[in-house]
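Undergrad: What would the 3D arrangement of this be:
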Amino acid sequence: MWTQRRVLLDRVMPASPDGAAVAFEVTKDQLVRVAGTSTAVFVAFNRHNLKERFDQARTRNNQRCLYPTRGSWLFTKDNTIMLAIVEDTWGWHHDLQTGLCTRKTLELLFRRAGPPDSRGDGSVPYAMTWGRWEDIPARGCRENLAEALAPWEIPPWEIPSPFNIFQNLGIDGETGRMWFDHPEPARESVVTMRAEMDLVVAVGQHWGTTTGLQLLEGWPPPTVAGGEGSAARGAAAPRRPPVGSPRAG
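TA: Numbering: from 1, shown residues only. Modelled structure (predicted):
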């Protein structure tokens with residue numbers, strides 16, 4: 001096990017009225033660390049075959065689990081393991097059900113809810129504080145991710161539904177009803193993922209929020225190393241399932 005760390009990327013996406021996104025390349029065995037208090041949308045692509053990308057359904061089905069956490073894998077549509085979650089200090093659930101918001105989504109929500117703020121009814125995971133049509137953010141997460149991924153010539157239609165980190169989604173086991181139940185105020189938490197292949201990843205955020213990003217080489221990351229905040233939720237850091245394992249099928 002590595003005992004030294006090298007920080008290759010360390011940045012904070014500042015709050016913006018239209019949200020933001022950033023994309024970067026990751027090499028196998030490097031660690032992607034996301035820190036925040038509200039939704040961070042995460043997508044990933046095989047760096048050597050950009051058609052192969054993260055898939056929500058395979059990630060859920062291959063592990064028979066709706067809520068990924070430490071010990072979970074992120075899969076491609078071809079059932080290839082992309083990333084392993086090795087650290088998760090978020091005290092609630094992450095979301096593997098909902099897709100990316102767009103400017104059109106926000107327009108539809110505005111027409112349906114109207115001003116003022118509709119947050120609190122569980123229908124949306126973000127604050128809708130727009131009093132006028134012209135106050136609606138100019139871009140949703142899909143547009144921001146598309147802009148960040150443009151250098152790799154990834155078309156917007158090939159951006160998959162994301163791993164919604166820090167987006168607490170409730171699901172009624174009887175009716176299947178879903179709702180957002182974001183803790184307020186939320187403490188800053190981290191999710192760290194180990195790359196199982198060479199990747200292009202992109203992380204986006206909603207308007208008025210901030211997200212910290214790190215790309216690390218070496219293990220363990222800071223909160224796993226020990227000290228205050230070192231406890232992580234879920235099972236032990238995952239090992240690759242053997243060939244033929246139900247978890248890899």
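
Undergrad: Give me the distance between the residue of the chain positioned farthest from its centre and T102.
TA: Residue farthest from the centre of the chain, counting by Cα atoms, centre = their mean, is R132 at 29.5 Å. Distance, R132 to T102, using Cβ to Cβ, to the nearest Å: 20 Å. In short, each C-beta sits where N, CA and C put it, glycine included.

Undergrad: and if you look at P156?
TA: Taken as Cβ to Cβ, the span from P156 to T102 is 9 Å.

Undergrad: Now the common contact residues for those two.
TA: Residues touching both P156 and T102 (Cβ atoms under 8 Å, 6 or more residues apart in numbering): 142-143.

Undergrad: These two: which has the busier surroundings?
TA: T102 (17 against 14; other Cβ atoms under 10 Å).

Undergrad: give the contact list for that one.
TA: Taking Cβ under 8 Å, 6+ apart as the test, what T102 contacts is 140-143.

Undergrad: Swap in 10 Å and give it another go.
TA: 108, 139-144, 146, 156 (Cβ atoms under 10 Å, 6 or more residues apart in numbering).

Undergrad: ok, and the closest non-adjacent residue to S72?
TA: Counting by Cβ to Cβ, 6 or more residues apart in numbering, S72 lies nearest to I85, which is 4.9 Å off, once chain neighbours are set aside.

Undergrad: Averaged pLDDT, the helix or strand encompassing the one you found. What do you get?
TA: Element membership of I85 [criterion: DSSP states H and E] is strand 81-88. On average, the pLDDT along strand 81-88 is 97.

Undergrad: Buried by neighbour count: which residues of that strand qualify?
TA: Using 16 or more other Cβ atoms under 10 Å as the test for burial, strand 81-88 gives 81-88.

Undergrad: In a markdown table, list the residues you listed along with distance to Q63.
TA: Below are those laid out as a markdown table (distance: Cβ to Cβ, whole Å):
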| residue | distance to Q63 |
| --- | --- |
| I81 | 11 |
| M82 | 13 |
| L83 | 13 |
| A84 | 12 |
| I85 | 11 |
| V86 | 15 |
| E87 | 18 |
| D88 | 14 |
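
Undergrad: got a list of what the residue lying closest to P155 once chain neighbours are set aside touches?
TA: Spatially, and ignoring its direct neighbours in sequence, P155 is nearest to A146 (7.9 Å; Cβ to Cβ, 6+ apart). The contact partners of A146, by Cβ under 10 Å, 6+ apart, come to 21, 23, 100, 102, 139, 154-159, 202, 204.

Undergrad: helices or strands up against the next helix or strand after the strand holding I85?
TA: Once strand 81-88 ends, the next helix or strand along the chain (criterion: DSSP H and E) is helix 103-113. Contacts defined by 3 or more Cβ pairs under 10 Å, 6 or more residues apart in numbering; DSSP states H and E place helix 103-113 against helix 141-149.

Undergrad: and the helix it packs on, what's its mean pLDDT?
TA: Rounded mean pLDDT across helix 141-149 is 96.

Undergrad: Just the buried positions in that helix, please.
TA: 141-149.

Undergrad: Turn those into JSON lines, including distance to L169.
TA: Converted to JSON lines, the buried residues of helix 141-149 look like this (distance: Cβ to Cβ, whole Å):
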{"residue": "C141", "distance to L169": "15"}
{"residue": "R142", "distance to L169": "19"}
{"residue": "E143", "distance to L169": "22"}
{"residue": "N144", "distance to L169": "21"}
{"residue": "L145", "distance to L169": "20"}
{"residue": "A146", "distance to L169": "24"}
{"residue": "E147", "distance to L169": "26"}
{"residue": "A148", "distance to L169": "24"}
{"residue": "L149", "distance to L169": "25"}
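
Undergrad: how about the helices in the chain?
TA: 56-63, 103-113, 141-149, 222-225 (DSSP state H).

Undergrad: now, of these, which is deepest in the fold?
TA: helix 141-149 (a mean of 24; mean count of other Cβ atoms under 10 Å).

Undergrad: what inclination does that helix have with respect to helix 103-113?
TA: In terms of direction (axes from the mean of the first three to the mean of the last three Cα atoms, to 10 degrees), helix 141-149 departs from helix 103-113 by 160 degrees.
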